[in-house]
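Asks: Quick one, what's the 3D model for this:
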Amino acid sequence: MTMRLWLCAFDEGVVILGSNAIAILIGGAKIQGRYAMDIWRRAVKVGGMVVAVLLITATAPPLSRLSAQVIRPTADDLTVMDERIQAEMAANNIPGVLIGVASRGRLVHVQSYGMANVELRVPVSDSTVFEIGSISKQFIATAIMLLVEEGGVGLDDGIHEYLHDLPGEWLGVTVRQLLTHTSGIPDYEEIQTYEAYRFRFTPEQIIRVAHSRPMDFEPGTGWYYSNTGYFLLSLIVERIEGRPLSQVLRSRIFEPLGMNQTRLADPEDIILHRASGYWVDRMGIELMNRDATQTSSTLGAGGLVSSVHDMAKWDEALNGDRILSDESRSAMWTPVVLPNGDDTGYGFGWNVGQYRGYRSVGHSGQVAGFTANFRRLPDQELAIIVFTNRYRVSSWRIGEIVADTFLPN
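Replies: Numbering: from 1, shown residues only. Just a heads-up that it's a prediction; the model follows:
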């Protein structure tokens, strides 16, 4: 498929003038809508910046790596997808969005929208790094399963075997129950809300907050989402490995897979291409800078940043045994069933079930300033990645728009 475009080169980037739209490419990022018009008007106002104009024929990149079970969208399909995503952004005051579609270990489609930093007018690009919230949990689950494979941890071991200063009421809780949210230990985030993430905490303080409320149920008898469980799992990993969580994840998962943009989101560190996070005022109208999430307040419960390129590498690693054995991956993706027969739809750090009739594993994420969604459809060899830099908006709805474009029916 071909399309005719006018390209105008100037010192801030390249302008693409179509018959009904304007877009600007800067540093690999595509900017559309009012942001593109702002830059174009500024270029014209300064004068003397347009140095070349030429008419070309551009060919859309091949999608030969895309699974045969997935739709190969036309240029018109992608335009409709872009328009729907931009409408979602406008309706919910979302500054920036980055989507990726991966198949067979390759990103077959990447699209950026809006601003990574509103104040500095830095557009989102395919290299932008976003906080991924609770998608972080699957990496902690993987670190635990690596220790299980090595005999360092037993899934049905009591957590007191590894963490000796826990409240007595938590006695009998197992590693497996932390992984599956069936421990009954209260969620410290629910008690303190997202406001707590702006502060530095010691592990003892987090444990004290969670212990301020009675157990939600007897261990193993119910299901309730608890970030405390994954905070404790992070401490178990650190205790057994004898080093900080950041070093464990880097050496055991990220470096072996070449995931060079994935790490803990320490607000004091310099992280290249990091997006700024936002929320809105009490009226839900004006954007506001969010307070940075402190690593010590989340650890592996929701403290990582990543990129679409790294998540595509992660998706590919999960297709084989580069990180975990078949047995371990099967355990991670087996939903726990409660004693009363209820299927919780949750494995070890993954939501497990059906999506539009397809087998699906995935997770969403939300921390102050960001939302994210990562969904894998293993039988279709497809993964959908969505990042936004706005708190309390639905990354899931944007994922639905992407799925409408790349999945049948």
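Asks: Walking through the stretch 301-409 of the chain, point out its helices one by one.
Replies: 308-317, 326-332, 395-406 (DSSP state H, counting those that start in this stretch).
Asks: Quick check: buried residues in the strand ranked longest in the chain?
Replies: Scanning the chain for the longest strand, with DSSP state E as the assignment, gives strand 106-117. For strand 106-117, the neighbour count (16 or more other CB atoms under 10 Å) marks 107-117 as buried. (Glycine included, C-beta is placed from N, CA and C.)
Asks: Spatially, which two of those residues are the most separated?
Replies: With distances taken as CB to CB, the most widely separated pair in the buried residues of strand 106-117 is Val108 and Asn117, at 27.7 Å.
Asks: domain ranges for this protein?
Replies: When the chain is parsed with automatic domain parsing, its domains come out as 1-59, 133-406.
Asks: separation between Arg72 and Ile385?
Replies: 19 Å (CB to CB, to the nearest Å).
Asks: who's more crowded, the two?
Replies: Applying other CB atoms under 10 Å to Arg72 and Ile385 shows that Ile385 carries more neighbours, namely 32 against 13.
Asks: what pLDDT does the nearest residue to the more buried one once chain neighbours are set aside get?
Replies: Excluding the flanking residues, the one nearest Ile385 by CB to CB, 6 or more residues apart in numbering is Gly100, at 4.0 Å. Per-residue confidence (pLDDT) for Gly100: 98.
Asks: Gly100 falls within a strand, correct?
Replies: Yes: according to DSSP: H, G, I helix; E, B strand; the rest coil, Gly100 belongs to a strand.
Asks: How many neighbouring residues does it have?
Replies: Counted with other CB under 10 Å, Gly100 comes out at 25.
Asks: Now do the helix or strand hosting Val80 against helix 395-406, angle only.
Replies: According to DSSP states H and E, Val80 maps onto helix 75-92. If you take axes from the mean of the first three to the mean of the last three CA atoms, to 10 degrees, helix 75-92 sits at 170 degrees to helix 395-406.
Asks: and helix 75-92, what's its mean pLDDT?
Replies: For helix 75-92, mean pLDDT rounds to 97.
Asks: try stretch 161-172
Replies: Averaging pLDDT along stretch 161-172 yields 96.
Asks: do stretch 222-236 as well
Replies: 98.
Asks: Of the buried residues of strand 106-117, which is the nearest to Trp223?
Replies: For the buried residues of strand 106-117, the residue nearest Trp223 by CB to CB is Leu107; the value is 34.3 Å.
Asks: Contact partners for that closest one?
Replies: Shown in contact with Leu107 (CB atoms under 8 Å, 6 or more residues apart in numbering): 100-101, 308-309, 312.
Asks: ok, now Gln111?
Replies: Remark: with contacts taken as CB under 8 Å, 6+ apart, Gln111 is in contact with 30, 78, 82, 85, 98-99.
Asks: and Arg198, what pLDDT?
Replies: Predicted confidence (pLDDT) for Arg198: 78.
Asks: With the one 4 residues further on instead?
Replies: Per-residue confidence at Thr202 stands at 94 (pLDDT).
Asks: Could you give the backbone dihedrals for it?
Replies: For Thr202, the backbone dihedrals are phi -90, psi 160 (criterion: degrees, to the nearest 10).
Asks: didn't it look like it was pressed against Ser296?
Replies: Yes: with contact defined as CB atoms under 8 Å, Thr202 counts as touching Ser296 (7.2 Å).
Asks: Of the two, give the one with the bigger neighbour count.
Replies: Ser296 (17 against 9).
Asks: For that one, give its distance to Gly96.
Replies: Taking CB to CB, one finds Ser296 at 27 Å from Gly96.
Asks: Tell me the bridge partners for Gly353.
Replies: Ser360 (DSSP bridges).
Asks: I'd guessed it sits against Gly362; true?
Replies: No: counting by CB under 8 Å, Gly353 stays clear of Gly362, with 9.2 Å between them.
Asks: what are the ranges of the helices in the stretch 151-300 of the chain?
Replies: Using DSSP H, counting those that start in this stretch, helices in the stretch 151-300 of the chain cover 175-180, 188-192, 203-211, 227-241, 245-249, 255-257.
Asks: shaky segments in this structure?
Replies: 1-69, 194, 409 (pLDDT under 70).
Asks: Run through the residues that contact the residue positioned nearest the centre of it.
Replies: The chain has Ile132 as the residue nearest its centroid, 3.5 Å off, counting by CA atoms, centre = their mean. For Ile132, the contact set (CB under 8 Å, 6+ apart) comprises 302, 304-306, 365, 370, 372, 374, 387.
Asks: Neighbour count and distance to Pro167 for the residues you listed - can I get that in CSV?
Replies: Shown next, in CSV, are the contacts of Ile132 (neighbours: other CB atoms under 10 Å; distance: CB to CB, whole Å):
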residue, neighbour count, distance to Pro167
Gly302, 28, 23
Leu304, 31, 28
Val305, 25, 32
Ser306, 27, 33
Gly365, 23, 28
Phe370, 29, 32
Ala372, 29, 32
Phe374, 27, 33
Phe387, 32, 37
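Asks: Surely Ser246 is in contact with Thr262?
Replies: No: in this structure Ser246 lies outside contact range of Thr262 using CB under 8 Å: 10.8 Å.
Asks: Please name the bridge partners of Thr174.
Replies: Bridge pairing for Thr174 - DSSP bridges - gives Gly158.
Asks: if I look at it, how far off is Gly220?
Replies: For Thr174, the distance to Gly220 equals 8 Å [CB to CB].
Asks: Find residues that contact each of the two.
Replies: By CB under 8 Å, 6+ apart, the residues touching both Thr174 and Gly220 are Ser183.
Asks: what are the ranges of the strands in the stretch 251-400 of the chain?
Replies: For the stretch 251-400 of the chain, the strands defined by DSSP state E, counting those that start in this stretch cover 263-264, 278-280, 287-289, 304-306, 351-355, 358-367, 370-377, 382-388.
Asks: With distance to Ile398 as new columns, can those be given to me in JSON lines?
Replies: Formatted as JSON lines, those follow (distance: least, CB to CB, whole Å):
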{"stretch": "strand 263-264", "distance to Ile398": "24"}
{"stretch": "strand 278-280", "distance to Ile398": "16"}
{"stretch": "strand 287-289", "distance to Ile398": "18"}
{"stretch": "strand 304-306", "distance to Ile398": "17"}
{"stretch": "strand 351-355", "distance to Ile398": "15"}
{"stretch": "strand 358-367", "distance to Ile398": "11"}
{"stretch": "strand 370-377", "distance to Ile398": "7"}
{"stretch": "strand 382-388", "distance to Ile398": "5"}
